[in-house]
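Trainee: no sequence for this one, just the structure:
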């Protein structure tokens, strides 16, 4: 058995994967999936929502370790093959002989730790709520290091398993009105060549039409997960939420009320944080810059943590914070003569969510992307200093992949430690102080070669462990 690194923090971490039906089940968009026999079926069918909760745990009697590679292995293998576009025979020895042994060092289905027992002398009597959205090829366990780190600091993190064809593999089911479930149907990563739009259908008029529909799908998933989790914490009798492995859930630990305040152990009704990596960061920005879907209530988001956010699927200019007048849903956004977005103050006095972006070196050196990111962040953080670049890092360094046993390096551990420290500090409103504790420098680059398109390949001059603040 091979374990990932133990999460640094005050509390042991538990993990429970919840599933809940989508009510009603629906098809998102008009995109079709091409089946092996050439027939077409809707590609984005929302029938079941799944998410893994990482949280401070009561470990009494709990078993440590959950599978990092999703089971069954054959479906994960097919998903990775489809995502990577490599022959099956190359990946299967690595996945079966190596991946099958990897465990996440968290306590499976452990009860939630009662916050009153560890915060008796402090104001905090509830665990704050964080919702995490994964990137392309990701999963609910692919970012277990950062999710566990946040949980160990005293937060409940809901890592969504997006079943929109952006994960390498998932096994959605349909639920009938009595709660009976169908056999799971494997869904693997959807590439552009795997989908089509029938003639006459409403294909989104965007450069990334599949991603546009997937953003809508993800929006439904996040809201469904949030609402059903809140109902579970409130101990509503008709909530349909269960563990994906069929194990019993200690519902009492999740819903026990404080005797004095009457509050549940999870703070779901205010100061919620949204975070995501890559397309997950894109998901967060999409949700915060558009009206809440009519069938849901707004999530009370106060913090947006973006890890290497990918902006290309989003409309330009923007995205910008959604500003609502207290008497309408109008967005109050103007554009000046230089086409720079001007954001006016919110009419109802509610500030936009605070924002922090942690970027890899690769994304900061992306010439067409980074200037747009700077303009986007200005809309949320006019004072600046909210984009942090990790010198020497790559796009995958936010996930578990570079930190896997045997292949992990000192650099990958350094990146994850900085990401964990800054993320935790930001969510606890201590980011200004935390930034002073990490060595920083100005942005300076050098040419180190030529790219395939003939343009110079650049690299930031500096050491691993240092950051650039912009």
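Mentor: Structure received. Owing to the predicted nature of the structure, the values given are computational and were not obtained by experimental measurement. Numbering: from 1, shown residues only.
Trainee: The host helix or strand of residue 129 packs against which elements?
Mentor: Assigned by DSSP states H and E, residue 129 belongs to strand 127-133. When contacts are defined as 3 or more C-beta pairs under 8 Å, 6 or more residues apart in numbering; DSSP states H and E, strand 127-133 sits against helix 144-152, strand 156-161, helix 209-233, strand 266-267, strand 272-277, helix 279-288. (Each C-beta comes from the backbone N, C-alpha and C, glycine too.)
Trainee: want to throw these into CSV with distance to residue 407?
Mentor: What follows is the helices and strands packed on strand 127-133, written out as CSV (distance: least, C-beta to C-beta, whole Å):
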stretch, distance to residue 407
helix 144-152, 14
strand 156-161, 22
helix 209-233, 29
strand 266-267, 35
strand 272-277, 19
helix 279-288, 23
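Trainee: check contacts around the residue nearest to residue 248 when sequence neighbours are not counted.
Mentor: Spatial nearest neighbour of residue 248, excluding adjacent residues (C-beta to C-beta, 6 or more residues apart in numbering): residue 109 at 7.8 Å. If you count contacts by C-beta atoms under 8 Å, 6 or more residues apart in numbering, residue 109 has them with 14, 15, 16, 62, 243, 245, 247, 248, 249, 250.
Trainee: Quick check, the first one in contact with residue 112.
Mentor: Spelled out, that is residue 14. Yes. Assessed by C-beta atoms under 8 Å, residue 14 is found in contact with residue 112 at 7.1 Å.
Trainee: for the stretch 151-300 of the chain, which spans come out with low pLDDT?
Mentor: Scanning the stretch 151-300 of the chain for pLDDT under 70 picks out 200.
Trainee: just so I have it, where are all the helices in the chain?
Mentor: Remark: helices assigned in the chain by DSSP state H are 73-84, 88-97, 115-118, 144-152, 209-233, 251-255, 279-288, 361-364, 370-380, 410-427, 431-436.
Trainee: Mind checking the pLDDT average for the last one?
Mentor: Spelled out, it's helix 431-436. If you average the pLDDT over helix 431-436, you get 96.
Trainee: before we move on, back to that, list of residues touching the strand holding residue 129?
Mentor: Where contact means C-beta under 8 Å, 6+ apart, the residues beyond strand 127-133 that reach it are 55-56, 112, 115, 143, 146-147, 150, 154-160, 162, 218, 222, 225-226, 265-268, 271-277, 279-281, 283-284, 299, 427.
Trainee: again, 6 Å this time
Mentor: For strand 127-133, the surrounding residues in contact (C-beta atoms under 6 Å, 6 or more residues apart in numbering) are 115, 147, 150, 155-160, 266-268, 272-276, 280, 283.
Trainee: Contacts only, for residue 111.
Mentor: Residue 111 is in contact with 58, 250, 253, counting by C-beta under 6 Å, 6+ apart.
Trainee: one more time with 10 Å, if that's ok
Mentor: Taking C-beta atoms under 10 Å, 6 or more residues apart in numbering, we find residue 111 in contact with 14, 16, 55, 57-62, 249-254.
Trainee: Of those, just the buried ones, PyMOL syntax please.
Mentor: Buried members of these, defined by 16 or more other C-beta atoms under 10 Å, are picked up in PyMOL with:
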select buried, resi 14+16+55+57+58+59+62+249+250+253+254
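Trainee: okay, among the contacts of residue 111, which ones form the most distant pair?
Mentor: Greatest spatial distance in the contacts of residue 111: 59 and 251, 18.0 Å, computed using C-beta to C-beta.
Trainee: State the mean pLDDT of stretch 362-369.
Mentor: The pLDDT scores in stretch 362-369 average 96.
Trainee: Span of it from start to end?
Mentor: This stretch, stretch 362-369, spans 11 Å end to end (C-alpha to C-alpha, to the nearest Å).
Trainee: contacting residues around it?
Mentor: Contact with stretch 362-369 is made by 278, 281, 307-312, 357, 359-360, 370, 372-373, 387-391, 393-397, 443, 445, 455, 457-460, 468, 470, as judged by C-beta under 10 Å, 6+ apart.
Trainee: Roughly how far does the residue most central in space within the chain sit from residue 286?
Mentor: Among the residues of the chain, the one closest to the centroid is residue 133, at 1.7 Å (C-alpha atoms, centre = their mean). Taking C-beta to C-beta, to the nearest Å as the measure, residue 133 falls 10 Å from residue 286.
Trainee: Equivalent analysis for residue 469, please.
Mentor: For residue 469 relative to residue 286 (C-beta to C-beta), the value is 26 Å.
Trainee: what about the two, which has more around it?
Mentor: For the pair residue 469 and residue 286, the greater number of neighbours falls to residue 286 (21 against 16), based on other C-beta atoms under 10 Å.
Trainee: if I pick the closest residue to the more buried one other than its chain neighbours, what's in contact with it?
Mentor: Distances taken as C-beta to C-beta, 6+ apart put residue 215 closest to residue 286, at 4.7 Å, once the chain neighbours are dropped. Remark: with contacts taken as C-beta under 10 Å, 6+ apart, residue 215 is in contact with 28, 164, 204, 206, 208, 279, 282-283, 285-287, 290, 313-314.
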